[in-house]
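In: below are the sequence and a predicted model for it; my questions follow.
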Amino acid sequence: MTALLTLTVLVLVGIAIWQMTKIFELSQVKTAENTEIANDTDNKYNGYLLFAFLIFIYGITIFSFAKYSKVLLPEASSAHGGEYDQLMWVSFGIIFFVQTITQALLHYFGYKYRGEKGKKALFFADNDRLEFIWTIIPVIVLAGLILWGLYTWTNIMDINDEDDPLIVELYAQQFNWTARYGGQDNVLGEASVRLIDINRANVLGLDEADPNGEDDVIVKELHLPVGRKVNFMMRSQDVLHSAYMPHFRAQMNCVPGMITQFSFTPTVTTEEIRLNPDVVDKVKRTNALRAEWAAEGRPNSEPWEFDYVLLCNKICGKSHYNMQMKIIVESEEEFNKWLAEQKTFKETVMVDDQEQAFNTNDGVAVEPEAEATN
Amino acid sequence: MSVVANAHVDDHAHDDHGHHHKETFVTKYIFSQDHKMISKQYLITGLIMGFIGIAMSLLFRMQLAWPGESFPIFEALLGKWAPDGVMDADIYLALITIHGTIMVFFVLTAGLSGTFSNLLIPLQIGARDMASGFLNMLSYWMFFLSSVIMVISLFVEAGPAAAGWTIYPPLSALPMAQPGSGAGMTLWLVSMAIFIASSLLGSLNYIVTVINLRTKGMSMTRLPLTIWAFFVTAIIGVISFPVLLSAALLLIMDRSFGTSFFLSDIFIQGEVLHYQGGSPVLFEHLFWFLGHPEVYIVLLPALGITSEVMSTNARKPIFGYRAMVASILAIAFLSTIVWGHHMFISGMNPFLGSVFTFTTLLIAIPSAVKAFNYITTLWKGNLQLNPAMLFSIGLVSTFITGGLTGIILGDSTLDINVHDTYFVVAHFHLVMGISALYGLFAGVYHWFPKMFQGRMMNKNLGYVHFWITAICAYGVFFPMHFVGMAGVPRRYYENTAFPMFDELTNVQVLMTVFALIAGLAQLVFVYNFIVSIFYGKRGPQNPWSSNTLEWTAPQEHMHGNWPGEIPHVHRWAYDYSKTYENGEYIIPGQDFVPQDVPLQENEEELNH
C-alpha cells in the first residue's frame, strides 16, 4: 500500500514537473536569441511568481500561527518564566516586524523591477546616509535587547542560598533520571562515581562516611514545593545529558566530572496547571487523538493526564528519546508529607547490607569513620 | 612554482599556451593541476556527497513523521539496521550525524567554497592558475580521500558515528556508550583529520593567490565581492580549522591511548573508568571555536556569489561595495569570538555567557547591513530573472528569515528554553543550510557555461527546480519553529514517549511531505546538470553580460586561462548601467563596462 502510494506520488510529481516545464516553454516567444538566457517573458512570469511567493510567505506565517499557536508551551510555571516569556514575545514582535517589511521589499522589488528589454537600471552605488540609518537602527534595537537579556540572564543565573532554597540533586545516566533531596538537614551528602556500589544499591555513589548523606532521600519522581526556590545540583555518571524542564523555562547540561547548577521557583502546582484553560484544551485534543489511535489498536495510546516533565535534551545514546522523569509541583505541606514518607539513604542502602554493616545486629550504630578503615 | 614561472613567461610570450604540455587522460582529468578541472572535481564530489546527505535526511524525516512504521525502502537501504523495515534507534542517530557532517563539511565547505574558490579566484583576479597547482591538486585528493573514508564508515559492522555531528565526548569517546562510537567514530575522526588538512592546503593557496597573483590594475578595492568572500573565508578557515584538528587529535588520544583530556568520573556498564580530570566542556570550546566560524565559512562564499550574481542580473552596481567588504571583514572577525553561544547552558561560567551574548548580537549588525544592501541593489534595477538570480533572491529571503531567529538563540536568556530543540534546527537550516545551498545553486547556474566550455543549463528546468525548492524549504522549516517552541528536543528518534507532543504529529507529517517533494525536485537539477554537460546549448562567451574577467577568457578551457597576455583591469567590477551625465551609456548600446575596458574620456571613476 505504502509502496503504491509512494509510486503514485512519484509519478504525479514527475508529471507536474513535466507540465511546468512545458508551460514555461510554451510561454516563451521563439526568437533567434539564446534560449537559456532569461527573456522578457521569463522575467515577467518569474516576477509575478516572486510576488506570489511573498504572499506564500505571509500565508504560511499566518497559517502556522493560526494552526500551531495552540501547540506552544503554556504560560511559564516558574518565577523567572514570566520575564522570559515577556522578553520572548518582545523579541518576536521585533522579528515579525522586520520580517514582514524586508520580505515585502525584497519580493516586491523583484516583481516591480523585473527586466524589460531597453529599460535602463539606475546606477546607484552608494548612499552613506541610507547605510548609516540601517546600521544605527539595528545597533539601537540590539543594544536594548542585549541589555534586557543580560539583566534577565544575570538574575536567572545568580544561584545563591538566599531565601532558604530547597537543594535537589538531579542525577543523569543512560537512560534515566534520579533525584536526591538533602533530607531533614537540606544538605546533600558527598558523592562520587567511584563510590557507586551496584551490589549494595548505592547507585548514586554516596559517601557512606558523610553524615550529611544519611538522611538523603533518593527518588525517581521529582516533587517540588510551590513558591519555594529550588537549587538544582546536576551530575551525570556517563555521558552528557541535559535537564530540560520546558514548562519552567529551565535547562542545564549534566556533565560528567562536574556539578552544574540551575535554580528556579515553581509558581503553579500540578493541580493548578491542569485547570489552565490552554492545558485543558490541549489535553482534550490530545486525548481525542489518542482515542483514535486506541481504536486503531496502536500501543501507548491510553488517555493522558497532564504532568510536568523533565526531558533529556542532549544526545546521549539509543534511548535518548525516552529519558524522562515526572515532576510534581505541590503545596509545601503536601511536599513535606511526601518527603517524610520516603525512606532515607540510611534506611535503605545502609541497612540492607549485613556483611559490611553500618548497623550492628543489636541496632547500635557503628561510627562510619571506624567502618571506613576496615 | 612552475605555474608562477609560466605566468611570467606568458606575460611576454604571446604564443598559444596549450601546445606546451602533452596532456594524458590522467593528468587532464584525474591528477590535474588546472584550477578549472579541480573546481569541477570539487563540485562533482560535493554533489555526490550531497546526494547521500540529502537522501539520509529524507529517511529520518520519514521516521519522524511515521514513527515505528515499516517501509520497504528502509529495509532496502539500511539492511540489518531496519529489521522488518522499521528503523532502528541507533541508525537514526547515525543518519542525523552523518547527514550533518556531510552537509556542513563535505557539501557546503568543500563543495561550495572548494568549487568556486578554485574556479573564480584565478579567473576573476586575472591569474594563470593558483599559486601552487600541485598543492591545489593535493588539496582535492585529500578531500576525495576523506570523502571515501567517510562513506566507508557507513559500512562498519557496529554502524557509523552516531554522536551527532558535534561528536561531544564522552558519548563519542566510549564505545560502550553507543555502538557508533567504535570503529565508526574512529573512521569519522580520521576522515575529518584528512579533511582539515585538505581544507588548510586549499585555504593557504587561495590566500596566497589573491594576495600575489592579481593582474595589473586589480587593486584590492577593485576585487569582485566573490573574491573578497573567498579570501576572507580562507582566512577564517586557516584560523579555526587547526583548532578542530587539535580537538580531534585529543579525542583520538582519549579514545585510543587512555588520556583524559575530555573525560572524568565515568561509571558506565557497571564499572568505573580510569579517566580523571578532563572536561567535556573543554571539547565543546575547541569544537565550537571552529564550529561557529564554520557557519561563516559556509555562508560567506554563498553571499559572495549572491553579490556577484545579483549585481549582474539586476544590471546595477552592488549597493554599498565598501560597506559589503566591511561587513564581510566584521562578520569574519566577530565569527571567531562568538562560539560560546552554543554553550550557554553547558555548565560554563554564566558570566562568559553574558560576553558571548554581547558579541553574538553584534554580528547581527553587519548581517543586517548586507541584507539591506541586497534589497537596495534590486531597487530600480532591470532584473534579469535567470535561475541563478532567483536563487540569489531566495538566499536573501532565507538569510533574513533564518537570521532573525538568531536574535532569540543568541540571547543567553531566551536560549535556555529553545536550546537543542527544533527551533535551533529550523534556524540554522534556513540561515546557513538552505541559504548556502541556494548560493551553491546560484553559482552552478551562473558559472556553468564557464565550467563546461560555454554550455548552458536548461533555464526552464532551472525555474522548476527553484520554485519547488523555494516553496518546500519554507514548508519544511517554517512550521519547524513551532515544533521547537512547543519544546520538542532535536535528535529524538520518535516523540511518542511524550503525550504532550502527540498533537505535533501532523506537523511532522507536513514537514516530511514537503521534504520529500523538495528531495525529488533536486533530481530535476541532477538531470539538468548531467544532460547539460553533454548536450547543453552553447551560449555566447559572456552570456550574462557580466563585467568580471572570467568572461573575457575563451570558452574552450586552456591551461593558463587566456591566450596571450592577461587582461589588465581599469575599473571595479560593478559598472552596470553606468552613464554619462547626459544619460548615455559609457559604451553606446551596452549597459555594462567590463573591468578590462579603460576609463573613457570624460568618464568619472566614481569613488566607491
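Out: Yes, it's here. Keep in mind the model is a prediction, meaning the values are calculated, not measured.
In: need the helices for the stretch 401-550 of chain B, in chain order.
Out: Secondary structure of the stretch 401-550 of chain B (DSSP state H, counting those that start in this stretch): helices located at B:412-418, B:422-428, B:435-451, B:459-485, B:505-535.
In: the longest one to helix B:459-485, inter-axis angle?
Out: Relative orientation of helix B:505-535 with respect to helix B:459-485: 150 degrees, computed using axes from the mean of the first three to the mean of the last three C-alpha atoms, to 10 degrees.
In: is helix B:505-535 in proximity to chain A?
Out: Yes. Helix B:505-535 reaches chain A (C-beta under 8 Å from any C-beta of the partner chain) through B:Thr505, B:Val507, B:Leu516, B:Ile517, B:Leu520, B:Ala521, B:Val524. C-beta coordinates here come from the backbone N, C-alpha and C atoms, glycine included.
In: so how far is that helix off the chain centroid?
Out: Centre-to-centre, helix B:505-535 and its host chain are 19 Å apart (C-alpha atoms, centre = their mean, to the nearest Å).
In: what residues sit buried inside it?
Out: B:505, B:507-508, B:510-522, B:524-525, B:528-529, B:532-533 (16 or more other C-beta atoms under 10 Å in any protein chain shown).
In: longest helix of the chain?
Out: Just so you know, I chose chain A. When chain A is parsed with DSSP state H, its longest helix is helix A:81-112.
In: not what I meant, chain B
Out: helix B:280-314.
In: helices or strands up against that one?
Out: Contact here means 3 or more C-beta pairs under 8 Å, 6 or more residues apart in numbering or on different chains; DSSP states H and E; on that basis helix B:280-314 packs against helix B:115-125, helix B:225-256, helix B:321-335, helix B:364-378, helix B:387-409, helix B:435-451.
In: leaving out the residues flanking it, which one is nearest to residue 243?
Out: Defaulting to chain A. A:Leu170 (5.1 Å; C-beta to C-beta, 6 or more residues apart in numbering or on different chains).
In: not quite, go with chain B.
Out: Counting by C-beta to C-beta, 6+ apart, B:Phe289 is the residue found nearest to B:Val243 once chain neighbours are left out, at 4.5 Å.
In: how much space is there between B:Met324 and chain A?
Out: Applying C-beta to the nearest C-beta, to the nearest Å, the value for B:Met324 to chain A is 10 Å.
In: if we can go back for a sec, dump the helices of the stretch 401-550 of chain B into TSV; add mean pLDDT as well.
Out: Rendered in TSV, the data for those read as follows (pLDDT from 0 to 100):
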stretch	mean pLDDT
helix B:412-418	95
helix B:422-428	96
helix B:435-451	96
helix B:459-485	96
helix B:505-535	95
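In: would a markdown table of those helices with distance to A:Thr286 be doable?
Out: Compiled in a markdown table, those are given as follows (distance: least, C-beta to C-beta, whole Å):
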| stretch | distance to A:Thr286 |
| --- | --- |
| helix B:412-418 | 21 |
| helix B:422-428 | 19 |
| helix B:435-451 | 36 |
| helix B:459-485 | 15 |
| helix B:505-535 | 10 |
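In: ramachandran angles for B:Ile363?
Out: Summarising the backbone geometry of B:Ile363 under the convention degrees, to the nearest 10, its torsions are phi -70, psi -20.
In: just checking, B:His99 touches B:Phe60?
Out: Yes. With contacts defined as C-beta atoms under 8 Å, B:His99 counts as touching B:Phe60 at a distance of 7.2 Å.
In: can you give me the strands for the stretch 151-300 of chain A?
Out: Using DSSP state E, counting those that start in this stretch, the strands assigned to the stretch 151-300 of chain A run over residues A:166-173, A:176-181, A:217-219, A:222-225, A:230-236, A:241-245, A:250-254, A:260-264.
In: so A:Leu145 touches B:Phe358, yeah?
Out: No. A:Leu145 is not in contact with B:Phe358 according to C-beta under 8 Å; the separation is 10.8 Å.
In: so between these two, which is more surrounded?
Out: Set A:Leu145 next to B:Phe358 and count neighbours by other C-beta atoms under 10 Å in any protein chain shown: A:Leu145 wins out with 23 against 19.
In: and the more buried one, which of the three is it?
Out: Taking DSSP: H, G, I helix; E, B strand; the rest coil as the rule, one finds A:Leu145 in the helix state.
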